[in-house]
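Peer 1: Following is a predicted model, sequence given first.
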Amino acid sequence: MSLAALDITPNYYLVVGALMFTIGAVGLLLRRNVLVMFMCVELMLNAANLTFVTYSRALNDIGGQVIVFFTLVVAAAEVAVGLAIIVAIFRRRRGATADDVRLLKG
Amino acid sequence: MTVEAVVFFVAAALALGGAAGVVLARNPVHCALLLVVTLVAVAIFFLLQEAQLVAAVQIIVYAGAIVVLFLFVIMLLGVDREESLRDPIPYQRPAAVALGAILLGEIFVLAGRTWATGAPSVRGSVRGRVDGQDLGNVQRVARVLFTDFLWAFELTAVLLVIAVVGAVVLARRSGQRAQLDEHEQAIEEQITAAELSEAVEESEAVEQSEEEVVTP
């Protein structure tokens, strides 16, 4: 296949989505700052959204785009509650790393 | 190359570069800004795939609200210092990278050999005419959202209300809780003061006994 006639099939988008999901998962395991771990979760959610929209176009079904709305709502709710928990933890102990709360007691 | 191919590869480089930056940058503020790069690149992917409304919502909600909330909390807590590379659990980093590689291989093995099946356009089509009308992307999404997904739509409203109330309850600092915190602090100060005076008395006692030993 020559570069001039390169056709972008849905597979290209799916590969990007898979790579983004993996980077987010690795980041979630690697990082210890709770805020950055949250950002990695957002990366994974975005990768899933990208996959939904890709299948929406490939199968010519608008349902995939509607699901992205619900993912966005869940992400917003998750961030609001998660950041409130981080603020509450930070008030008790001066640190925002996952190691600070690994004993799971106050 | 076609225009779509050029835009795709630029956006893909931005998305993956930004994602890698989120994981690798040591300063949380840089992580948040690189996350914006990835989110905008994903919005470009949405535009490329005829999802204009979702692309706009992605920019407004994610880049406009969620990342700003992240930056707000980072600044509020003052955690914008760099993370130490010291690891309390040995072999955590190599294990994380190995698990990530396994995950990627798993996705490609599972998704690479199969393709989504089922009847297309069950909910409504992305392109083409509907009932003889030429609808825009917003109308198509709205038509499905307020008919097939109406129950889920109402539930998301409930979810958002619960999230807002939960965030307020978790993050506020007032009433009995604040008094309790002050009380605990006072007790801790008393304890440390008592320990300090005990230590001073002990050392004095030791000195006195030494003097007694020396005197005769």
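Peer 2: Structure's in. What do you need? Residues are numbered from 1 along each chain as shown, chains lettered A, B, ... in the order given.
Peer 1: where does chain B dip in pLDDT?
Peer 2: Where chain B drops to pLDDT under 70, the residues are B:1, B:80, B:82-88, B:115-118, B:121, B:174-196, B:198-216.
Peer 1: Would you indicate which residues of stretch A:56-72 are buried?
Peer 2: Within stretch A:56-72, the residues that qualify as buried by neighbour count (16 or more other CB atoms under 10 Å in any protein chain shown) are A:56-59, A:61-70, A:72. Just so you know, the C-beta spots here come from the backbone N, C-alpha and C atoms, and that holds for glycine as well.
Peer 1: Among those, which lie within helices?
Peer 2: A:Ser56, A:Arg57, A:Ala58, A:Gly63, A:Gly64, A:Gln65, A:Val66, A:Ile67, A:Val68, A:Phe69, A:Phe70, A:Leu72 (DSSP state H).
Peer 1: Could you dump those into a markdown table with distance to chain B added?
Peer 2: Shown next, in a markdown table, are these (distance: CB to the nearest CB, whole Å):
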| residue | distance to chain B |
| --- | --- |
| A:Ser56 | 6 |
| A:Arg57 | 4 |
| A:Ala58 | 7 |
| A:Gly63 | 4 |
| A:Gly64 | 8 |
| A:Gln65 | 5 |
| A:Val66 | 5 |
| A:Ile67 | 9 |
| A:Val68 | 5 |
| A:Phe69 | 7 |
| A:Phe70 | 6 |
| A:Leu72 | 5 |
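Peer 1: Identify the farthest-apart pair in those.
Peer 2: A:Ala58 and A:Leu72 (21.1 Å; CB to CB).
Peer 1: Pick out whichever of the ones in helices among the buried residues of stretch A:56-72 sits closest to B:Asn137.
Peer 2: Distances from B:Asn137 to these, taken by CB to CB, are shortest for A:Gln65, at 7.9 Å.
Peer 1: didn't that closest one look like it was pressed against A:Ser56?
Peer 2: Yes: under the criterion of CB atoms under 8 Å, A:Gln65 makes contact with A:Ser56 at 5.1 Å.
Peer 1: overlap in contacts of these two?
Peer 2: Jointly contacting A:Gln65 and A:Ser56 under the rule CB atoms under 8 Å, 6 or more residues apart in numbering or on different chains are B:Ala51, B:Val126.
Peer 1: near chain A, anything from stretch B:126-137?
Peer 2: Yes: judged by CB under 8 Å from any CB of the partner chain, stretch B:126-137 and chain A are in contact via B:Val126, B:Arg127, B:Gly128, B:Asn137.
Peer 1: Of these, select the buried ones using a ChimeraX command.
Peer 2: A single ChimeraX command selects the buried members of the residues of stretch B:126-137 next to chain A (16+ other CB under 10 Å):
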select /B:126,137
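Peer 1: nearest to B:Ala25, of the residues of stretch B:126-137 next to chain A?
Peer 2: Among the residues of stretch B:126-137 next to chain A, and counting by CB to CB, the member closest to B:Ala25 is B:Asn137, at 34.7 Å.
Peer 1: show me the contacts for the closest residue to the closest one other than its chain neighbours.
Peer 2: Nearest residue to B:Asn137, sequence neighbours excluded (CB to CB, 6 or more residues apart in numbering or on different chains): B:Gln52, at 4.6 Å. The contact partners of B:Gln52, taken as CB under 8 Å, 6+ apart, are B:Phe46, B:Asn137, B:Val138.
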